[in-house]
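S.K.: could you work out the structure for the sequence below:
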Amino acid sequence: MNYYVDTDGDGYGAGAASNLCSNPGAGYVTNNTDCDNSTSTTYPGANELCNGIDDDCDSFVDDNIVFVNYYADADGDGYGAGTASNLCSNPGAGYVTNNTDCNDNNATLNSITVEVCNNFDDDCDGSVDDGLTFVNYYVDTDGDGYGAGAASNLCSNPGAGYVTNNTDCNNNNASVHTITVEVCNNFDDDCDGTADDGLTFVNYYVDNDGDGYGAGSASNLCSNPGAGYVTNNTDCNDNNATLNSINAEVCNNFDDDCDGSVDDGLTFVNYYVDNDGDGYGAGVASNLCSNPGAGYVTNNTDCNDNNATLNSISAEVCNNFDDDCDGSVDDGLTFVNYYVDNDGDGYGAGAASNLCSNPGAGYVTNNTDCNDSNAELNSITPEVCNNFDDDCDGSVDDGLTFVNYYADNDGDGFGTGAAINLCADPGVGFTTDNTDCDDAVSTTYPGASEACNEVDDDCNGVVDNDIVFTDYFADTDGDGYGAGVATSSCSDLGAGYVTDNTDCNDTDNNIYPTATEICNYIDDNCDGSTDEGVTTTYYADADGDGYGDVSNTILECGLMVGYSENGLDCNDANSDINPSVSEICNTIDDNCDGEVDEFVTTAYYADNDGDGFGSADNTIDACTQPSGYVSNSDDCDDNALTYEDVDGDGYGNTNLVSCGVLTSDDCDDAVATTYPAASEACNEVDDDCNGVVDNDIVFTDYFADTDGDGYGAGVATSSCSDLGAGYVTDNTDCNDTDNNIYP
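M.R.: Residues are numbered from 1 along each chain as shown. Model (predicted):
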């Protein structure tokens, strides 16, 4: 055995070997893997420390140590900048593990600063005023709430003189804008680029004869031109009040209803002459709107109008004559093919006679007889195995089962040679199987039991197949486990041979697969591992806190100095970090549970819209409340401000609430029927909050009817409600002081 000097007593030696037959004792070991034999903490498997030394003798300094990038934090705001320093230990104050500071000389500017509308990059993300809501504002010169011109895209309201729409067509006249009501005056009142749009235009026609039906070209107007005009042009004679579109058309060959057609809308029927009076006509139709009377009918289905017994309802009979006047002889009757049956066996032959009546004895409806002179031969005679066509189908012995038979010389049920195809069994000495490989030996056939005799007993082409062959191995040391090259045999080879070849040392009967492993640096149980199961895994405890590093282990029979029985330490370079330590708020996993600052932080909720109410869907855990976050999660929509809606009409006032409506443009939040987009009612109230009272309401012009004759005159009074007695909607009275004078 080679022994090496272990100067530092760490269990690992170095230098030249001393080849001895007995252990020289303390100060010697059987390995030479120590890279520093003067330091007991430096040896293979030692815990690597952050010290610039190869502690574990793997030729790498400080390997398996966690290195972290540290960045200078000049302004002490917790956010660093500049080039990283990659270190395995914390350099302390003035350094952080992030480089997200865009201004490391100003502690108020870093990546969590809230961006505000100031044309400056407050949150260090490289963008100015990003994440803020920008709105297009337009100049409102006349102060009517409607703007015009080019947009100014801003993140804050520029104040008076600006609005968020550009729908004003006249920015110098406050009374002309997009919600002005369009009236019939050939002027663009509502700024949509079109005059009198949205009004109802009607076609009016001149009514010269005063019958209420007009004619001529239309005048398309948005107001009624008065007497002498109507809204239809259906009069075909505007100088005769008795002729118009509501007269009833009668059968008189005249255009009674002014639609340009004579006798239109009346029912016209085809009438045919019925000479023989049988109710069935013939000849050319007369299309009339009135019945011409006797001698005419409404059908032309008579094929002989001079014979009252021949017409379209006569029944067709088998007589080679057209009885029902449809142009076909004996049509609709059933025709059958009949064949001559000479031998009277019910089966015919020869050419068919197609008839609509049965010709009687000597005829049948089939032609399946192959011999019409022999009543015993026909299509229902059974076919038998006699090399004869018994059933008249043109084939000999058809429909019978033919089987291939082979000679079976040894009587084992399996034959060989050429097949004989027969429809009857030839008897003893024949079989239907031709798979015998030796027809002279009755124990040799397909499916026979294979014996260990170097003969192909089961005729599968393989000798001694399906016989169990076993591999035997020499067992030199007699421990019951063999090794070496296998000898395959179907019989037991006896003492000195076993069926196992798993012995890793066949010269030592203490070494075999089921032997008990003991701590002796030998693979006692032949599993490829030495001392497995009899050593314990220990974990390096570099910081001496009683908790080891799971990534730095050794296998030994007992606990060594500098090691722990557990691998629960998540930072073996810091004794203040281990599972027994209480978690504190320091962005470090103090208790090694995989979580940082758990249960010592407070949940804060993002307040994106700045209304003082936070979003339950956007939270952070922090020790102190960060900017842009609040301690409540009451906000229903953190992307928009919501307002108080007192009257519940879906439109709010200007008071911010956590869960309200999105608009603050309700002009009267105490009345539920008053809100933007409400239906405007005739009540002198701005129901739809557009700044105009009773807009979109139909106003009617009323005229005074002084003499009470139902026709008014004078200046119109426009109203959305009926003005009652003394007012009418007509201004065509030429003398409103005399009730005998009116249109």
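S.K.: please make it C-alpha for all contacts and neighbour counts, starting now.
M.R.: OK.
S.K.: what are the phi and psi values for N354?
M.R.: Backbone torsions of N354, given as degrees, to the nearest 10, read phi -90, psi 110.
S.K.: the nearest residue to L333 once chain neighbours are set aside: neighbouring residues, count only.
M.R.: The shortest distance from L333 to any non-neighbouring residue, by C-alpha to C-alpha, 6 or more residues apart in numbering, is to C356 (6.5 Å). For C356, the neighbour count with other C-alpha atoms under 10 Å is 17.
S.K.: contacting residues around C356?
M.R.: C318, L333, T334, F335, V336 (C-alpha atoms under 8 Å, 6 or more residues apart in numbering).
S.K.: quick one, which of those residues are buried?
M.R.: C318 (16 or more other C-alpha atoms under 10 Å).
S.K.: just to check, G648 is in contact with A670?
M.R.: No. Between G648 and A670 there is no contact under C-alpha atoms under 8 Å: 9.1 Å.
S.K.: can you show me the helices along the stretch 101-250 of the chain?
M.R.: For the stretch 101-250 of the chain, helices defined by DSSP state H, counting those that start in this stretch do not occur.
S.K.: now do the strands in it.
M.R.: Here the stretch 101-250 of the chain has its strands, by DSSP state E, counting those that start in this stretch, at 135-139, 148-154, 162-163, 202-206, 215-221, 229-230.
S.K.: okay if I get these as a markdown table plus mean neighbour count and distance to C734?
M.R.: Putting the strands of the stretch 101-250 of the chain into a markdown table (neighbours: other C-alpha atoms under 10 Å; distance: least, C-alpha to C-alpha, whole Å) gives the following:
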| stretch | mean neighbour count | distance to C734 |
| --- | --- | --- |
| strand 135-139 | 20 | 52 |
| strand 148-154 | 15 | 48 |
| strand 162-163 | 22 | 52 |
| strand 202-206 | 20 | 20 |
| strand 215-221 | 15 | 23 |
| strand 229-230 | 22 | 17 |
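S.K.: just send the ones you listed back as CSV, with mean pLDDT too.
M.R.: What follows is the strands of the stretch 101-250 of the chain, written out as CSV (pLDDT from 0 to 100):
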stretch, mean pLDDT
strand 135-139, 91
strand 148-154, 86
strand 162-163, 90
strand 202-206, 91
strand 215-221, 86
strand 229-230, 90
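S.K.: and the ones you listed: which comes nearest T416?
M.R.: Across the strands of the stretch 101-250 of the chain, T416 has its closest neighbour in strand 135-139 (101.1 Å, C-alpha to C-alpha).
S.K.: just the ones of the contacts of C356 in helices?
M.R.: Counted as lying in helices by DSSP state H, out of the contacts of C356, is not a single one.
S.K.: closest to F469 out of the contacts of C356?
M.R.: V336 (80.3 Å).
S.K.: wait, what's in contact with that closest one?
M.R.: For V336, the contacting residues are S353, N354, L355, C356, S357, T365, by C-alpha under 8 Å, 6+ apart.
S.K.: distance to N591 for the contacts of C356 - can I get that in CSV?
M.R.: What follows is those, written out as CSV (distance: C-alpha to C-alpha, whole Å):
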residue, distance to N591
C318, 113
L333, 106
T334, 104
F335, 106
V336, 105
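S.K.: with respect to N90, which of the contacts of C356 is nearest?
M.R.: T334 (112.2 Å).
S.K.: if we ignore the residues flanking it in sequence, what's nearest the closest one?
M.R.: Closest to T334 by C-alpha to C-alpha, 6+ apart is C356, at 5.6 Å.
S.K.: returning to that earlier point: now, the contacts of V336 that are in strands?
M.R.: Counting by DSSP state E, the part of the contacts of V336 found in strands is S353, N354, L355.
S.K.: dihedrals phi and psi, the residue nearest to L333?
M.R.: Given degrees, to the nearest 10, the pair of backbone angles that C356 has is phi -100, psi 0.
S.K.: picking that back up, among the contacts of V336, who's most crowded?
M.R.: T365 (19 neighbours).
S.K.: wait, doesn't it sit right on D341?
M.R.: No. With contact defined as C-alpha under 8 Å, T365 does not count as touching D341 (9.5 Å).
S.K.: got any residues that touch both of the two?
M.R.: In contact with both T365 and D341: G348, using C-alpha under 8 Å, 6+ apart.
S.K.: shouldn't D197 be in contact with E182?
M.R.: Yes. Counting by C-alpha under 8 Å, D197 does reach E182; the two are 7.0 Å apart.
S.K.: quick check: neighbours shared by these two?
M.R.: D188.
S.K.: give me the more crowded residue out of those two.
M.R.: E182 (22 against 18).
S.K.: which ones are touching that one?
M.R.: D188, D189, D190, A195, D196, D197, G198, L199.
S.K.: with pLDDT and distance to T732 added, can I get these in a markdown table?
M.R.: As requested, the contacts of E182 are exported to a markdown table (pLDDT from 0 to 100; distance: C-alpha to C-alpha, whole Å):
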| residue | pLDDT | distance to T732 |
| --- | --- | --- |
| D188 | 76 | 28 |
| D189 | 75 | 28 |
| D190 | 74 | 30 |
| A195 | 81 | 27 |
| D196 | 81 | 24 |
| D197 | 83 | 27 |
| G198 | 82 | 26 |
| L199 | 86 | 23 |
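S.K.: closest to P626 out of those residues?
M.R.: Nearest to P626 among those, with distances taken as C-alpha to C-alpha, is D190, at 50.7 Å.
S.K.: separation between N173 and F187?
M.R.: Distance of N173 to F187, given as C-alpha to C-alpha, to the nearest Å: 15 Å.
S.K.: now swap in E383 and tell me
M.R.: Taken as C-alpha to C-alpha, the span from E383 to F187 is 107 Å.
S.K.: ok, these two, which is more surrounded?
M.R.: E383 (20 against 14).
S.K.: do I have it right that N510 meets D524?
M.R.: Yes. Using C-alpha under 8 Å, N510 and D524 qualify as a contacting pair, with a distance of 7.4 Å.
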